[in-house]
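*Asks:* predicted structure and sequence below. I'll ask about it afterward.
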Amino acid sequence: MLKLRILSALVLVPLVVWALFVWPTPAFAALLGVFILVGGWEWTALAGIRGVASRGLYVALLAVAGMALFLTPAWIRPLLALAVIFWLWVFIEHVALRDLKDGFLASFPGKLLGGFLVLLPAWIVPLSLRELPDGKWLTLFLMVVVWGADTGAYFAGHRWGRHKLAPLVSPGKSWEGVGGGLVTVMLVALVAGIYHWQFRGSELLFWLLLSGGTAFVSVLGDLFESRMKRVAGVKDSGTLIPGHGGVLDRIDAFTAAAPVFALAWLVWRVPGGAV
């Protein structure tokens, strides 16, 4: 399994980074759209939507919403704010509920709404950040935060994991793993903040808090998708990516991290509502 994960990453990561830096915006948007719409198809199965036509309609609506956001940047900040509120509610339900099938987000309407607030920000955030000054490197940093948190957690959890993070949702995850992921991200953020963005003092402190907070929230994305899979009674969201399962299994952490990081950055560094 680990070999398959590494081989898949060796193919997908260079492709995404190459597209981010080299491809024109419409082509990059289309590449992301393919992943998001496949993820939308997988989400319909987790949500319990039956029938090819109904599932196709949901994916089509997701595509229309994504294109509308791409063409109307003024809607992006409200979407990100709604997504952040959604992930706050995910956290509240995760802490408060003892039965995974309880709560609004496990209901059919909650799943229908959740798919849009999970997937649309993951599509639109890279496109929006990419257009900002130094935006390609900023987008890459966001991806590195998610990859670093996941990789650090994987190895730290296997080496030192003792205390379970969420045994009902994801028995393999541990608090030690979360700590390993956060340490990895903070080291990367410190180097990037000082040497690339040249942050100092309070700016550097905020940057580190933002990076660490984004890494922590990424864990919530992973746990939420695991919860949806357990409610649906499946192990993986799909079988498209060897060693990872489906698209949702690969982007789950990013779906939570992206809106939090992007909204904080826009409020902090892009005043006046531009984007």
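*Replies:* It's in.
*Asks:* can you tell me the element residue 234 falls in?
*Replies:* Using DSSP states H and E, residue 234 sits within no helix or strand.
*Asks:* correct me if wrong: it contacts residue 47.
*Replies:* No: look at residue 234 against residue 47 with Cβ atoms under 8 Å: they stay out of range, at 12.0 Å. For glycine as for every other residue, the C-beta is placed from the backbone atoms N, C-alpha and C.
*Asks:* more neighbours: these two, which one.
*Replies:* Higher neighbour count among residue 234 and residue 47: residue 47, with 23 against 15, using other Cβ atoms under 10 Å.
*Asks:* ok, now how distant is that one from residue 34?
*Replies:* Going from residue 47 to residue 34 by Cβ to Cβ, to the nearest Å gives 20 Å.
*Asks:* check which element follows the helix or strand hosting residue 222 along the chain.
*Replies:* Assigned by DSSP H and E, residue 222 belongs to helix 201-232. Downstream of helix 201-232, the first helix or strand assigned by DSSP H and E is helix 247-269.
*Asks:* give me the buried positions along that following helix.
*Replies:* By neighbour count on 16 or more other Cβ atoms under 10 Å, the buried set for helix 247-269 is 247-266.
*Asks:* can you point me to the longest strand in this structure?
*Replies:* Determined from DSSP state E, the single longest strand within the chain is strand 170-174.
*Asks:* let me see the ranges of the helices in the protein.
*Replies:* Secondary structure of the chain by DSSP state H: the helices cover 2-22, 25-47, 52-71, 76-96, 108-130, 135-160, 175-195, 201-232, 247-269.
*Asks:* which strands and helices sit next to the third one?
*Replies:* Translated: helix 52-71. helix 25-47, helix 108-130 (3 or more Cβ pairs under 8 Å, 6 or more residues apart in numbering; DSSP states H and E).
*Asks:* can you check the fifth one too?
*Replies:* When contacts are defined as 3+ Cβ pairs under 8 Å, 6+ apart, helix 108-130 packs onto helix 25-47, helix 52-71, helix 76-96, helix 135-160, helix 201-232, helix 247-269.
*Asks:* just how off-centre is it within its chain?
*Replies:* 9 Å (Cα atoms, centre = their mean, to the nearest Å).
*Asks:* in it, what's buried?
*Replies:* 110-130.
*Asks:* likewise the fourth one?
*Replies:* Neighbour-count burial for helix 76-96, counted by 16+ other Cβ under 10 Å, picks out 76-77, 79-80, 82-84, 86-87, 89-90, 93-94.
*Asks:* same list (those residues) but as JSON lines, adding pLDDT and distance to residue 153.
*Replies:* JSON lines is the format used below for those (pLDDT from 0 to 100; distance: Cβ to Cβ, whole Å):
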{"residue": "76", "pLDDT": "94", "distance to residue 153": "29"}
{"residue": "77", "pLDDT": "95", "distance to residue 153": "30"}
{"residue": "79", "pLDDT": "96", "distance to residue 153": "28"}
{"residue": "80", "pLDDT": "97", "distance to residue 153": "25"}
{"residue": "82", "pLDDT": "97", "distance to residue 153": "27"}
{"residue": "83", "pLDDT": "98", "distance to residue 153": "23"}
{"residue": "84", "pLDDT": "97", "distance to residue 153": "22"}
{"residue": "86", "pLDDT": "97", "distance to residue 153": "23"}
{"residue": "87", "pLDDT": "97", "distance to residue 153": "18"}
{"residue": "89", "pLDDT": "96", "distance to residue 153": "23"}
{"residue": "90", "pLDDT": "95", "distance to residue 153": "18"}
{"residue": "93", "pLDDT": "91", "distance to residue 153": "22"}
{"residue": "94", "pLDDT": "89", "distance to residue 153": "17"}
